[in-house]
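Asker: Please find the sequence and the predicted model below.
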Amino acid sequence: PADNSWKPVYVDGQKHVIRLTSVDMGSEWGLSVRTVKFICRVFIPVGEDMETIENYVGFRI
């Protein structure tokens, strides 16, 4: 998917901390768009099928 194309920058080598810039957020971020939602999807093979687990966190500035 297209949203996997950004390159995360880790803070002090900590992979659970991601530094985002306005380049990562899109052209209207902070102007007309003031919310963000991070989605994590995990695809688990179950037999011949693929099970999808999804969780998200969002916030508004």
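Answerer: Received it, and whenever you're ready, just let me know what you need. Quick caveat: nothing in here was measured; it's all calculated off a predicted structure.

Asker: Can you classify the residue most central in space within the chain as helix, strand or coil?
Answerer: Among the residues of the chain, the one closest to the centroid is residue 38, at 4.2 Å (C-alpha atoms, centre = their mean). The local conformation at residue 38, judged by DSSP: H, G, I helix; E, B strand; the rest coil, is strand.

Asker: Name the nearest residue to it, sequence neighbours excluded.
Answerer: Using C-beta to C-beta, 6 or more residues apart in numbering and skipping residues adjacent in sequence, the residue nearest residue 38 is residue 57, 5.4 Å away. Yep, even glycine has a C-beta here, placed from its N, CA and C like the rest.

Asker: And for residue 56?
Answerer: Closest to residue 56 by C-beta to C-beta, 6+ apart is residue 39, at 4.5 Å.

Asker: Pairing partners for the host helix or strand of residue 56, with directions?
Answerer: According to DSSP states H and E, residue 56 maps onto strand 49-60. Applying DSSP bridges, strand 49-60 is found paired with strand 35-46 (antiparallel).

Asker: for this protein, which spans come out with low pLDDT?
Answerer: 1-11 (pLDDT under 70).

Asker: Now stretch 24-42: buried residues?
Answerer: For stretch 24-42, the neighbour count (16 or more other C-beta atoms under 10 Å) marks residue 29 as buried.

Asker: List the contacts of it.
Answerer: 6, 22, 52, 53, 54, 55, 56, 57, 58, 59, 60, 61 (C-beta atoms under 8 Å, 6 or more residues apart in numbering).
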